[in-house]
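J.: Sharing a model that was predicted from the sequence below.
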Amino acid sequence: MKAVVANDHGAVDLAKRMLDHLKARGIDYEYLGTDSEESVDYPDYAAKAVMEYRRGGYDFGILMCGTGIGISISANKMEGIRCALPQTSFSARMARMHNNANFIAFGGRVEYPEPVEKMLDAYIDASFEGGRHQRRIEKMMALEGR
Ligand code: RB5
């Protein structure tokens, strides 16, 4: 399994935690985030990660900014991307099972009700259910560019 990971200055510590967690799980990754608190622009990091993901060989992407909002909206502007911004492990699991999200976003300044690593695991360990959800995803993706 391989992930592409990127973050802005609002999630430097969270990104370190996430990379440690991926390492501990034996998940390979390409890290394209900033490791400095110096202010950068999150759309640049969303774009970098998505461009790398499109090169192929990745199972999913992880994006982080202060809230996770700006970087997830940015990624979702790019063709083919479904970036989820879950607040609990339940919604992280559903992001895979029902939405087949190919990216997941978190906020480095957000106080989540449970460890972010647990939320990430819920997403990674879930599988897309297909069926009626496939039809809905096709309809969702057909909205691109409208
Ligand atoms: C940067 O200050 C902050 O706006 C960014 O990390 C993110 O929270 C935006 O959605």
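T.: Perfect, thanks for sending it.
J.: Which positions in this structure make contact with the ligand?
T.: By C-beta under 6 Å from any ligand atom, the residues of the chain that approach the ligand are 8, 10, 42, 65, 66, 67, 69, 70. In short, each C-beta sits where N, CA and C put it, glycine included.
J.: Can you flag which of those belong to helices?
T.: In this view, those that belong to helices under DSSP state H are 42, 69, 70.
J.: could you flag which of the residues you listed are buried?
T.: 42, 70 (16 or more other C-beta atoms under 10 Å).
J.: Next, format the ones in helices among the residues of the chain next to the ligand as a markdown table and append distance to residue 111 and pLDDT.
T.: Converted to a markdown table, those look like this (distance: C-beta to C-beta, whole Å; pLDDT from 0 to 100):
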| residue | distance to residue 111 | pLDDT |
| --- | --- | --- |
| 42 | 20 | 99 |
| 69 | 15 | 99 |
| 70 | 18 | 99 |
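J.: quick one: which of the ones in helices among the residues of the chain next to the ligand is nearest to the ligand?
T.: Using C-beta to the nearest ligand atom, residue 70 comes nearest to the ligand of these, at 2.6 Å.
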